[in-house]
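Undergrad: Need coordinates for the following:
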Amino acid sequence: MDTEKFCRLPEEELKSVLKSRMNEHRYAHSLNVAKRAVFLAKKYGADPKKAEFAGLVHDICKGIPNEEQLSIIKNAGIELDEDTLKSPALWHSIAGAVYCEHELGVTDKDVLNAVRYHTSGRGNMSILEKVIYMADLTSAERNYPDAEYTRNLTDFDLDQGIAYGVRWIAGDLERRGFPKGKDTEALLEEYKNVLITFEERK
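TA: Down below sits the predicted model:
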């Protein structure tokens, strides 16, 4: 991967940074998301090279403490709304986009947005954003309930995969007592009428 097309670091240096900022499981997940993102990008018309890079770095702030994530966000002048402040699981995505821009020198706005919204999603996502959102949710090691169905559904139709995925995520957040947040709400609204026509699970 020619990472220097997107950031200041060559591939091996970038991977060293990733390894220093996350545990072995998270690093393996990042490699899986990058691989899955290339597949989905080729299938649905996103730039495979951008997808691979965004997939690789999407969790670059996932392994650092929440307080550090919040500090990165605040130092960038970003003010979080009340729901996002109540949802620390969303912080790493926002911090990750800031880190990629300020520390790695990423200037491609679509890549930065793909990192920024890979957890929450949002309304009117670009194809690259959709690809990273679903590559993260359906990477090879994912084993949550319905993971295999969601993976197969996404291979069948990207928008049906997103519709199913965001409904699952929203339900999971509700069960755990976390707010969905405005971005996830916007994605839910956009996809509320998307029907799942893929064959039923066996």
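Undergrad: Which SSE is immediately downstream of the lengthiest helix in the chain?
TA: The single longest helix within the chain, with elements called by DSSP state H, is helix 24-44. Counting by DSSP states H and E, the next helix or strand C-terminal to helix 24-44 is helix 48-57.
Undergrad: Ala51 versus the residue nearest the centre of the chain, what's the distance?
TA: With distances taken as Cα atoms, centre = their mean, His118 lies nearest the centre of the chain, 2.2 Å away. With the distance defined as Cβ to Cβ, to the nearest Å, His118 ends up 11 Å from Ala51. Yep, even glycine has a C-beta here, placed from its N, CA and C like the rest.
Undergrad: Can you check which residues contact both of these two?
TA: Residues touching both His118 and Ala51 by Cβ atoms under 8 Å, 6 or more residues apart in numbering: Ile132.
Undergrad: Strands of the protein, start to end?
TA: Using DSSP state E, the chain contains no strands.
Undergrad: show me where pLDDT drops low in it?
TA: Flagging of the chain using pLDDT under 70 yields the residue ranges 200-202.
Undergrad: any chance you could map the helices in this protein?
TA: Counting by DSSP H, the helices of the chain are 11-21, 24-44, 48-57, 66-75, 82-85, 91-102, 109-116, 127-137, 147-156, 158-175, 181-190.
Undergrad: Residues in contact with the shortest one: which ones?
TA: The contact list for helix 82-85, computed with Cβ under 8 Å, 6+ apart, reads 90-91, 94, 179-182.
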